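>>> fold the stuff below for me.
(one chain, ligands or ions: 1)
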Amino acid sequence: MDKGLLEKTASELVAPGRGILAADESSGTMSKRLEAVGVEPSAETRRAYRTNLFSTDGYESSISGVILFDETIRQSMDDGTSIPNALSQRGIHPGIKVDTGAKELAHHEGEKITEGLDGLRERCEEYFAMGARFSKWRAVIKIGDSIPSGACLSTNAHALARYAAICQEQGLVPIIEPEVLMEGDHDANRCYEVTAAILDETFSQCKAQGVHIPGALLKPNMVMAGKDCEEQISRDEVAQMTVNCLTDHVPHDLPGIVFLSGGQSDEDATAHLNLMNKMDVQHPWQLSYSYGRALQAEALRTWASGDTDAEASSQLAFSNRARMNGLARSGDWDEGLEA
Ligand code: 13P
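As a prediction, the model looks like this:
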């Protein structure tokens, strides 16, 4: 394992003012998103939408890395440059989603286990040769009446740690993503408890499997009440509970935490990150973003609008969200800037 390379890549990914664009929706998910805005999904429409985003002027000032899906890392920009090369030329690290999706967990109704370990070493080797320098694996943890089960937490944590170890061996910085879903009517305390449990389990497995923590990144949910809970907490409370949970359950030698947006509104995702970075305390890690929907929702809607300037409007929407989140990295975002 090349610890120097891993640590360098990880620190570049969470450099001040910058964060990650998650554009690694699987072909199935991306197709659904295109259909939802009235676009016929195909490999070409997925490429056209994404290469338009990747051609945005100056977005590298607030985007340090882009996570790609297998289909996308093999596609090219309009001028024929491969997508990973085009990103690298802008000083953006190409990343790759390497899990193969969350499947039903046997004997555990309603729970999932993320698959993709078979052949992972060989796939990582190929992705590294294509220019990828980091990777992502997403585990999904659902809160319900008697879930998550111990089996769901331990199998997902085990898979995350095995994935992280293999990626590090191949020179890719692993983004470890144990996502506690927002779906459900649980309150924020329950989210805190489940988030703490999956973080403990994940880092204990990482330790057992020799994962080099200074060469990895964590992509967690924020601590908040479920979408259907009647008692929603304030933005300040989300920020405080999230930081408390992470401080107590994440190793302090991890270089960075890159949140997912998970279905939060664009502005909430920015505001929460801003509040965490504005706190008077010095956090042990960089607090940054690896947003999918919160960076792209408006960009996708405008791209599909059919307007003559749709491509330029989409780029403007994307660079605006990227800039807002870039400001939230230092607590310098303000609601007034949204207008
Ligand atoms: P969201 O920000 O839309 O949750 O996506 C991030 C991601 O990559 C989920 O795996």
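>>> now Pro148. Nearest residue, chain neighbours left out?
Leaving aside its chain neighbours, Pro148 sits nearest to Ile141 (5.0 Å; criterion: C-beta to C-beta, 6 or more residues apart in numbering). Quick note: C-beta positions are derived from backbone N, CA and C, even for glycine.
>>> run a quick neighbour tally on the residue lying closest to Pro41 once chain neighbours are set aside.
Spatially, and ignoring its direct neighbours in sequence, Pro41 is nearest to Ser31 (3.4 Å; C-beta to C-beta, 6+ apart). For Ser31, the count of nearby residues is 18 (other C-beta atoms under 10 Å).
>>> try the one 4 residues further on
In terms of burial, Glu35 registers 11 neighbours under the definition other C-beta under 10 Å.
>>> what's the following helix or strand after the helix or strand that contains it?
Assigned by DSSP states H and E, Glu35 belongs to helix 27-36. Moving toward the C-terminus from helix 27-36, the next helix or strand (DSSP H and E) is helix 43-54.
>>> and the residue of the stretch 1-150 of the chain at minimum distance from the ligand, how many neighbours?
Among all residues of the stretch 1-150 of the chain, Ala22 sits closest to the ligand, at 3.3 Å; criterion: C-beta to the nearest ligand atom. Residues lying near Ala22 (other C-beta under 10 Å) number 28.
>>> wait, isn't it in contact with Phe259?
No. Between Ala22 and Phe259 there is no contact under C-beta atoms under 8 Å: 10.5 Å.
>>> between the two, which contacts overlap?
Here Ala22 and Phe259 have 290-291 as joint contacts, going by C-beta atoms under 8 Å, 6 or more residues apart in numbering.
>>> which residues are in contact with the helix holding Glu35?
The contact list for helix 27-36 (C-beta under 8 Å, 6+ apart) reads 25, 40-41, 43, 45-46, 49, 69, 71, 300, 304.
>>> with stretch 37-51 instead?
Residues contacting stretch 37-51 (C-beta under 8 Å, 6+ apart): 23, 27, 30-32, 34-35, 71-72, 75-78, 83, 300-301, 303-304, 314.
>>> buried ones in that stretch, by neighbour count?
Using 16 or more other C-beta atoms under 10 Å as the burial criterion, the residues of stretch 37-51 that qualify are 39, 41, 45-47, 49-51.
>>> hmm, stretch 27-39 touching the ligand?
No. Shown here: stretch 27-39 not in contact with the ligand (C-beta under 6 Å from any ligand atom), separated by at least 9.6 Å.
>>> so who does Ser288 touch?
So Ser288 contacts 13-14, 18-20, 256-259, 273, 329 (C-beta under 8 Å, 6+ apart).
>>> any of the residues you listed buried? List them.
Burial by neighbour count, 16+ other C-beta under 10 Å: within the contacts of Ser288 this picks out 13-14, 18-20, 256-259, 273, 329.
>>> would you list those residues in CSV and tack on distance to the ligand?
As requested, these are exported to CSV (distance: C-beta to the nearest ligand atom, whole Å):
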residue, distance to the ligand
Leu13, 14
Val14, 16
Arg18, 16
Gly19, 11
Ile20, 9
Gly256, 15
Ile257, 14
Val258, 9
Phe259, 8
Leu273, 12
Arg329, 16
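>>> how about those, which pair is most distant?
Leu13 and Leu273 (15.4 Å; C-beta to C-beta).
>>> tell me the angle the strand or helix carrying Ser314 makes with helix 43-54.
Assigned by DSSP H and E, Ser314 belongs to helix 310-328. Relative orientation of helix 310-328 and helix 43-54, computed by axes from the mean of the first three to the mean of the last three C-alpha atoms, to 10 degrees: 50 degrees.
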